[in-house]
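[1] pasted the sequence and its predicted model underneath.
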Amino acid sequence: MLLGVALFARGRYLDNNKLSGTIPTALSTMRSLLLLGLSGNELTGKVPSELLQLTQLRELRLGYNKVGWLVGWLVG
């Protein structure tokens, strides 16, 4: 679970932390986030469309999870 993520950070490296469940939509409130590393966990479900609100985000790492992509992420 990702409930302890600080809302003021510019980058979050949460790779390989055995996190499980879905990616919380609350991460979209982290407006100044540049990097979000979630690879190597046990995350499932879809990438929330709310993450598209993170206009500063430059890198989103989701490899080695069971997360599906939204088509909108591929169309710029």
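    On my side now, so go ahead. Remember, predicted model here, so these are calculated numbers, not experimental data. Numbers count the residues shown, from 1 in each chain.
[2] ranges for the strands of the protein?
    Per DSSP state E, the chain carries strands over the ranges 11-13, 20-21, 35-37, 42-46, 59-61, 66-68.
[3] could I get the ones you listed in JSON lines, plus columns for distance to Leu52?
    (Glycine included, C-beta is placed from N, CA and C.) Formatted as JSON lines, these follow (distance: least, Cβ to Cβ, whole Å):
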{"stretch": "strand 11-13", "distance to Leu52": "17"}
{"stretch": "strand 20-21", "distance to Leu52": "20"}
{"stretch": "strand 35-37", "distance to Leu52": "13"}
{"stretch": "strand 42-46", "distance to Leu52": "12"}
{"stretch": "strand 59-61", "distance to Leu52": "11"}
{"stretch": "strand 66-68", "distance to Leu52": "15"}
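[4] which of those strands is buried the deepest?
    With neighbours defined as mean count of other Cβ atoms under 10 Å, the strands of the chain peak in mean count at strand 35-37, which reaches a mean of 19.
[5] who does it pair up with?
    Strand 35-37 has the following sheet partners, assigned by DSSP bridges: strand 11-13 (parallel), strand 59-61 (parallel).
[6] nearest to Leu19, out of these?
    Nearest of the strands paired with strand 35-37 to Leu19, taken as Cβ to Cβ: strand 11-13 at 11.1 Å.
[7] these two touch, right, Trp69 and Val47?
    Yes: under the criterion of Cβ atoms under 8 Å, Trp69 makes contact with Val47 at 5.9 Å.
[8] of these two, who's got more company?
    Neighbour totals were compared for Trp69 and Val47, and Val47 leads with 20 against 10 (other Cβ atoms under 10 Å).
[9] where does this protein dip in pLDDT?
    1-9, 70-76 (pLDDT under 70).
[10] ok, now with 50
    Applying pLDDT under 50 to the chain flags the ranges 1-8, 71-72, 75-76.
[11] residues touching the spatially most central residue of it, list them.
    Against the mean C-alpha coordinate of the chain, by Cα atoms, centre = their mean, the closest residue is Leu36 at 5.5 Å. Listed by Cβ atoms under 8 Å, 6 or more residues apart in numbering, the contact partners of Leu36 are Gly11, Arg12, Leu14, Leu27, Leu54, Leu57, Glu59, Leu60, Arg61.
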